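> Fold the following, please.
(one chain, ligands or ions: 1)
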Amino acid sequence: PAVEYELEAPFSIEYHDSIGSTNDRARELASEGATDVVVLADEQVGGRGRLEREWSAPSGGVWLSIVTRPDIAPAQAPLYTLAVSVATARAAREAGVDARIKWPNDVVVPVGEDGEYRKLSGILTEMEGETDRVDWIVVGPGINANIDTDALPEGATSIRDEVGDVDRRRFVQRLLEEFDRYRTDLEAVVPAWRELALTLGQRVRVERATGEIVGEAVDVTESGALVIETEDGQETVAAGDCEHLRPV
Ligand code: BT5
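Reported below is the predicted structural model:
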(Lines give C-alpha, C1' and ligand atoms only; values in the text may rest on other atoms or scores of the structure.)
Protein backbone atom coordinates (compact mmCIF):
# COMPACT_ATOMS: atom_id res chain seq x y z
CA PRO A 1 0.00 0.00 0.00
CA ALA A 2 0.98 3.65 -0.52
CA VAL A 3 0.65 4.40 3.21
CA GLU A 4 1.03 2.18 6.26
CA TYR A 5 -1.88 3.22 8.42
CA GLU A 6 -1.06 1.29 11.58
CA LEU A 7 -2.57 3.73 14.05
CA GLU A 8 -2.81 3.85 17.81
CA ALA A 9 -6.11 5.72 17.57
CA PRO A 10 -9.28 4.12 18.96
CA PHE A 11 -10.62 3.33 15.49
CA SER A 12 -10.00 0.41 13.23
CA ILE A 13 -8.75 1.33 9.78
CA GLU A 14 -9.81 -0.05 6.42
CA TYR A 15 -7.26 1.20 3.89
CA HIS A 16 -7.65 1.35 0.08
CA ASP A 17 -5.03 2.50 -2.43
CA SER A 18 -7.92 3.55 -4.66
CA ILE A 19 -11.68 3.65 -4.08
CA GLY A 20 -14.78 5.35 -5.48
CA SER A 21 -15.70 7.34 -2.37
CA THR A 22 -14.67 6.57 1.22
CA ASN A 23 -18.06 7.95 2.35
CA ASP A 24 -19.88 5.38 0.19
CA ARG A 25 -17.84 2.54 1.65
CA ALA A 26 -18.32 3.93 5.19
CA ARG A 27 -22.11 4.10 4.68
CA GLU A 28 -22.06 0.47 3.57
CA LEU A 29 -20.13 -0.54 6.71
CA ALA A 30 -22.46 1.57 8.89
CA SER A 31 -25.56 -0.06 7.49
CA GLU A 32 -24.00 -3.46 8.29
CA GLY A 33 -23.70 -2.37 11.93
CA ALA A 34 -20.05 -1.25 12.09
CA THR A 35 -18.87 1.48 14.43
CA ASP A 36 -15.60 3.28 15.20
CA VAL A 37 -14.25 2.33 11.79
CA VAL A 38 -12.32 4.64 9.52
CA VAL A 39 -12.17 4.10 5.77
CA LEU A 40 -9.05 5.67 4.32
CA ALA A 41 -7.80 5.99 0.76
CA ASP A 42 -4.79 7.34 -1.12
CA GLU A 43 -6.99 8.19 -4.12
CA GLN A 44 -10.73 8.47 -4.78
CA VAL A 45 -12.14 8.24 -8.28
CA GLY A 46 -15.70 9.21 -7.29
CA GLY A 47 -15.14 11.63 -4.41
CA ARG A 48 -18.25 13.54 -3.39
CA GLY A 49 -18.76 17.04 -2.00
CA ARG A 50 -21.96 18.41 -0.50
CA LEU A 51 -25.10 18.94 -2.58
CA GLU A 52 -24.02 16.45 -5.28
CA ARG A 53 -20.87 18.41 -6.06
CA GLU A 54 -17.70 16.63 -7.15
CA TRP A 55 -14.64 16.35 -4.94
CA SER A 56 -11.31 15.98 -6.65
CA ALA A 57 -9.19 13.41 -4.77
CA PRO A 58 -5.96 12.44 -6.54
CA SER A 59 -3.26 10.17 -5.09
CA GLY A 60 -1.31 11.77 -2.23
CA GLY A 61 -4.28 13.13 -0.29
CA VAL A 62 -5.85 12.12 2.98
CA TRP A 63 -9.36 10.96 2.12
CA LEU A 64 -11.16 9.38 5.02
CA SER A 65 -14.58 8.67 6.47
CA ILE A 66 -15.31 7.98 10.13
CA VAL A 67 -18.22 5.72 11.11
CA THR A 68 -19.67 6.20 14.60
CA ARG A 69 -22.99 5.48 16.32
CA PRO A 70 -23.29 8.26 18.90
CA ASP A 71 -26.21 8.60 21.28
CA ILE A 72 -27.25 12.02 19.97
CA ALA A 73 -30.23 13.62 18.23
CA PRO A 74 -29.89 14.42 14.51
CA ALA A 75 -29.98 18.13 15.41
CA GLN A 76 -26.63 17.69 17.19
CA ALA A 77 -24.97 16.04 14.20
CA PRO A 78 -23.51 19.33 12.91
CA LEU A 79 -21.39 19.36 16.07
CA TYR A 80 -19.67 16.25 14.76
CA THR A 81 -18.81 18.11 11.57
CA LEU A 82 -17.48 21.05 13.58
CA ALA A 83 -15.48 18.65 15.78
CA VAL A 84 -13.84 17.11 12.71
CA SER A 85 -13.10 20.55 11.27
CA VAL A 86 -11.38 21.49 14.56
CA ALA A 87 -9.46 18.19 14.54
CA THR A 88 -8.41 18.69 10.90
CA ALA A 89 -7.35 22.29 11.45
CA ARG A 90 -5.33 21.31 14.54
CA ALA A 91 -3.54 18.47 12.71
CA ALA A 92 -2.76 20.85 9.81
CA ARG A 93 -1.49 23.54 12.20
CA GLU A 94 0.82 21.00 13.84
CA ALA A 95 2.16 20.30 10.35
CA GLY A 96 2.97 24.03 10.10
CA VAL A 97 0.03 25.21 7.98
CA ASP A 98 -1.87 28.38 8.97
CA ALA A 99 -5.18 26.50 8.87
CA ARG A 100 -8.43 28.22 9.86
CA ILE A 101 -12.06 27.14 9.68
CA LYS A 102 -14.59 28.57 7.28
CA TRP A 103 -18.16 27.85 8.34
CA PRO A 104 -19.66 25.35 8.00
CA ASN A 105 -17.34 22.66 6.77
CA ASP A 106 -14.13 23.94 5.21
CA VAL A 107 -10.59 24.17 6.50
CA VAL A 108 -8.86 26.97 4.64
CA VAL A 109 -5.63 28.95 4.52
CA PRO A 110 -6.14 32.74 4.60
CA VAL A 111 -4.64 34.79 1.76
CA GLY A 112 -4.08 38.47 2.57
CA GLU A 113 -6.16 40.53 4.95
CA ASP A 114 -9.51 40.80 3.23
CA GLY A 115 -11.01 37.44 4.18
CA GLU A 116 -9.92 35.61 1.03
CA TYR A 117 -8.66 32.06 1.41
CA ARG A 118 -7.70 28.84 -0.34
CA LYS A 119 -9.45 25.59 0.48
CA LEU A 120 -7.34 22.86 2.10
CA SER A 121 -10.10 20.53 3.23
CA GLY A 122 -13.84 19.94 3.07
CA ILE A 123 -16.07 17.64 5.09
CA LEU A 124 -19.06 15.60 4.00
CA THR A 125 -21.32 14.41 6.85
CA GLU A 126 -24.09 11.89 6.25
CA MET A 127 -26.34 10.06 8.68
CA GLU A 128 -29.33 7.84 9.18
CA GLY A 129 -31.71 7.52 12.10
CA GLU A 130 -34.99 8.48 13.73
CA THR A 131 -36.10 12.04 14.50
CA ASP A 132 -34.92 11.79 18.12
CA ARG A 133 -31.84 9.61 17.76
CA VAL A 134 -29.10 9.03 15.23
CA ASP A 135 -28.51 5.42 14.16
CA TRP A 136 -25.13 6.08 12.52
CA ILE A 137 -23.19 9.05 11.32
CA VAL A 138 -20.40 9.17 8.75
CA VAL A 139 -18.11 12.19 8.84
CA GLY A 140 -15.77 12.37 5.86
CA PRO A 141 -12.98 14.94 5.76
CA GLY A 142 -10.81 15.21 2.67
CA ILE A 143 -7.44 16.93 3.04
CA ASN A 144 -5.21 18.01 0.16
CA ALA A 145 -2.01 16.70 1.68
CA ASN A 146 0.91 15.66 -0.55
CA ILE A 147 -0.52 16.94 -3.83
CA ASP A 148 0.57 19.68 -6.24
CA THR A 149 -2.05 22.42 -6.32
CA ASP A 150 -1.94 22.18 -10.15
CA ALA A 151 -3.78 18.86 -9.85
CA LEU A 152 -6.63 20.49 -7.87
CA PRO A 153 -9.51 22.82 -8.76
CA GLU A 154 -8.99 26.57 -8.70
CA GLY A 155 -9.10 28.05 -5.23
CA ALA A 156 -7.57 24.96 -3.60
CA THR A 157 -4.29 24.66 -1.72
CA SER A 158 -2.41 21.68 -0.33
CA ILE A 159 -0.12 20.97 2.60
CA ARG A 160 2.65 20.31 0.04
CA ASP A 161 2.24 23.77 -1.49
CA GLU A 162 2.01 25.50 1.89
CA VAL A 163 4.84 23.82 3.81
CA GLY A 164 6.01 20.66 2.01
CA ASP A 165 4.96 17.05 2.40
CA VAL A 166 3.48 15.76 5.63
CA ASP A 167 3.75 12.33 7.27
CA ARG A 168 0.22 11.17 6.50
CA ARG A 169 0.21 8.43 9.15
CA ARG A 170 1.02 10.97 11.84
CA PHE A 171 -1.45 13.51 10.44
CA VAL A 172 -4.32 11.01 10.51
CA GLN A 173 -3.33 9.83 13.98
CA ARG A 174 -3.52 13.41 15.32
CA LEU A 175 -6.80 14.12 13.53
CA LEU A 176 -8.45 11.02 14.99
CA GLU A 177 -7.09 11.66 18.50
CA GLU A 178 -8.49 15.17 18.48
CA PHE A 179 -11.83 14.01 17.11
CA ASP A 180 -12.02 11.26 19.72
CA ARG A 181 -11.46 13.82 22.46
CA TYR A 182 -14.22 16.15 21.24
CA ARG A 183 -16.82 13.51 20.54
CA THR A 184 -16.82 12.64 24.25
CA ASP A 185 -16.94 16.31 25.23
CA LEU A 186 -19.35 17.91 22.76
CA GLU A 187 -19.69 21.05 24.89
CA ALA A 188 -16.05 21.85 24.18
CA VAL A 189 -16.55 21.80 20.40
CA VAL A 190 -18.03 25.25 19.79
CA PRO A 191 -15.51 27.12 22.01
CA ALA A 192 -12.63 25.33 20.25
CA TRP A 193 -14.23 26.04 16.88
CA ARG A 194 -14.59 29.78 17.64
CA GLU A 195 -10.85 30.04 18.31
CA LEU A 196 -10.01 28.77 14.82
CA ALA A 197 -12.88 30.38 12.90
CA LEU A 198 -12.00 32.65 10.00
CA THR A 199 -15.69 33.40 9.39
CA LEU A 200 -16.57 35.11 12.68
CA GLY A 201 -16.41 38.89 12.49
CA GLN A 202 -16.52 38.80 8.68
CA ARG A 203 -19.15 40.38 6.49
CA VAL A 204 -20.51 37.46 4.48
CA ARG A 205 -23.05 36.47 1.88
CA VAL A 206 -24.78 33.13 2.44
CA GLU A 207 -26.69 31.53 -0.41
CA ARG A 208 -29.57 29.22 0.45
CA ALA A 209 -32.26 27.56 -1.66
CA THR A 210 -34.69 29.97 0.02
CA GLY A 211 -32.66 33.11 -0.72
CA GLU A 212 -29.51 34.87 0.35
CA ILE A 213 -28.53 36.61 3.55
CA VAL A 214 -25.89 39.33 3.82
CA GLY A 215 -24.50 40.57 7.09
CA GLU A 216 -21.82 40.13 9.71
CA ALA A 217 -21.20 36.60 11.00
CA VAL A 218 -21.23 37.09 14.76
CA ASP A 219 -21.39 33.63 16.33
CA VAL A 220 -22.32 29.97 16.04
CA THR A 221 -25.09 28.47 18.17
CA GLU A 222 -24.57 25.44 20.40
CA SER A 223 -25.81 23.24 17.55
CA GLY A 224 -23.39 24.77 15.04
CA ALA A 225 -25.71 27.13 13.15
CA LEU A 226 -24.29 30.50 12.03
CA VAL A 227 -25.73 33.69 13.53
CA ILE A 228 -25.68 36.64 11.11
CA GLU A 229 -26.38 40.24 12.06
CA THR A 230 -28.32 41.76 9.14
CA GLU A 231 -29.91 45.18 8.61
CA ASP A 232 -33.20 43.68 9.81
CA GLY A 233 -31.85 41.93 12.89
CA GLN A 234 -30.29 38.54 13.60
CA GLU A 235 -30.76 35.52 11.38
CA THR A 236 -29.59 31.97 12.01
CA VAL A 237 -28.52 29.63 9.20
CA ALA A 238 -28.26 25.87 9.70
CA ALA A 239 -25.20 24.26 8.11
CA GLY A 240 -27.40 22.06 5.92
CA ASP A 241 -29.12 25.11 4.38
CA CYS A 242 -25.91 26.82 3.30
CA GLU A 243 -25.07 26.36 -0.39
CA HIS A 244 -22.23 28.91 -0.46
CA LEU A 245 -20.70 31.33 1.99
CA ARG A 246 -18.43 34.09 0.74
CA PRO A 247 -16.78 37.07 2.37
CA VAL A 248 -18.11 40.35 0.87
C1 BT5 B 1 -17.01 19.68 0.54
O2 BT5 B 1 -18.06 19.87 -0.31
O3 BT5 B 1 -16.16 20.50 0.79
C4 BT5 B 1 -16.95 18.28 1.14
C5 BT5 B 1 -15.82 17.46 0.57
C6 BT5 B 1 -15.69 16.14 1.29
C7 BT5 B 1 -14.64 15.25 0.66
C8 BT5 B 1 -14.36 14.03 1.49
S9 BT5 B 1 -13.00 13.09 0.94
C10 BT5 B 1 -13.42 11.78 1.99
C11 BT5 B 1 -14.93 11.66 1.91
N12 BT5 B 1 -15.34 10.84 0.79
C13 BT5 B 1 -16.04 11.55 -0.11
O14 BT5 B 1 -16.51 11.09 -1.18
N15 BT5 B 1 -16.17 12.82 0.29
C16 BT5 B 1 -15.51 13.04 1.58
P17 BT5 B 1 -18.52 21.28 -0.87
O18 BT5 B 1 -18.61 22.26 0.26
O19 BT5 B 1 -19.73 20.98 -1.64
O20 BT5 B 1 -17.35 21.75 -1.80
C21 BT5 B 1 -17.16 21.14 -3.06
C22 BT5 B 1 -16.45 22.15 -3.97
O23 BT5 B 1 -15.08 22.28 -3.57
C24 BT5 B 1 -16.40 21.70 -5.42
O25 BT5 B 1 -17.54 22.14 -6.10
C26 BT5 B 1 -15.12 22.38 -5.94
O27 BT5 B 1 -15.38 23.72 -6.25
C28 BT5 B 1 -14.24 22.40 -4.72
N29 BT5 B 1 -13.29 21.27 -4.67
C30 BT5 B 1 -13.41 20.04 -5.23
N31 BT5 B 1 -12.34 19.27 -4.92
C32 BT5 B 1 -11.54 20.03 -4.14
C33 BT5 B 1 -10.30 19.81 -3.50
N34 BT5 B 1 -9.66 18.64 -3.55
N35 BT5 B 1 -9.76 20.83 -2.78
C36 BT5 B 1 -10.38 22.03 -2.68
N37 BT5 B 1 -11.56 22.30 -3.28
C38 BT5 B 1 -12.14 21.32 -3.99
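
> Report the residue ranges of every domain in the chain.
12-196, 203-247 (automatic domain parsing).

> Of all the ones you listed, which one is nearest E6?
Of all the domains of the chain, domain 12-196 sits nearest to E6, with 7.5 Å by CB to CB. No exception for glycine: its C-beta is placed from N, CA and C like everyone else's.

> was I right about L152 contacting S56?
Yes: at 5.8 Å, L152 counts as touching S56 under the criterion of CB atoms under 8 Å.

> Look at the two and report which has more neighbours.
L152 (19 against 15; other CB atoms under 10 Å).

> ok, now how distant is the more buried one from the ligand?
5 Å (CB to the nearest ligand atom, to the nearest Å).

> what bits of this protein have low per-residue confidence?
Within the chain, the segments meeting pLDDT under 70 span 1-5.

> Regarding it, what is its longest helix?
helix 77-94 (DSSP state H).

> What residues does the protein have near the ligand?
Proximity of the chain to the ligand (CB under 6 Å from any ligand atom) is limited to residues 21-23, 44, 47-51, 53, 55-57, 63-65, 105-106, 119, 122-124, 140, 142, 144, 152-153, 156.

> Could you rerun that using 5 Å?
Residues of the chain found near the ligand (CB under 5 Å from any ligand atom) are 21-23, 47-50, 53, 55-56, 63, 119, 122, 124, 140, 142, 152-153, 156.

> Make a PyMOL selection of the buried ones in these.
Of the residues of the chain next to the ligand, the buried ones go into a single PyMOL selection, burial set by 16 or more other CB atoms under 10 Å:
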select buried, resi 21+22+23+47+48+50+55+63+119+122+124+140+142+152+156
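
> Can you tell me which of the residues of the chain next to the ligand end up in helices?
22-23.

> Tell me who's in contact with H244.
Residues in contact with H244 (CB atoms under 8 Å, 6 or more residues apart in numbering) are 205-207.

> Format these as JSON lines; extra columns: secondary structure and neighbour count.
Putting the contacts of H244 into JSON lines (DSSP: H, G, I helix; E, B strand; the rest coil; neighbours: other CB atoms under 10 Å) gives the following:
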{"residue": "R205", "secondary structure": "strand", "neighbour count": "14"}
{"residue": "V206", "secondary structure": "strand", "neighbour count": "22"}
{"residue": "E207", "secondary structure": "strand", "neighbour count": "14"}
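
> quick one: which of the residues you listed is nearest to the ligand?
E207 (11.9 Å; CB to the nearest ligand atom).

> Of the residues of the chain next to the ligand, which belong to strands?
63, 119, 122, 124, 140, 142 (DSSP state E).

> Present these as CSV; the columns should include distance to A95.
Below are these laid out as CSV (distance: CB to CB, whole Å):
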residue, distance to A95
W63, 17
K119, 16
G122, 18
L124, 22
G140, 20
G142, 16
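
> Look up phi and psi at Q234.
phi -90, psi 140 (degrees, to the nearest 10).

> T210 versus that one, what's the distance?
Distance, Q234 to T210, by CB to CB, to the nearest Å: 17 Å.

> And for E32?
E32 sits 37 Å away from T210, going by CB to CB.

> residue ranges for the strands of the protein, please.
Ranges of strands in the chain, per DSSP E, are 12-19, 37-44, 62-68, 100-102, 106-110, 117-129, 134-143, 203-208, 211-220, 226-230, 233-237, 244-247.

> So which of those is the most surrounded?
Each of these was scored by mean neighbour count; the highest is strand 62-68, a mean of 27, by mean count of other CB atoms under 10 Å.

> Sheet-wise, list the partners of that strand with their directions.
Here strand 62-68 is paired, per DSSP bridges, with strand 37-44 (antiparallel), strand 134-143 (antiparallel).
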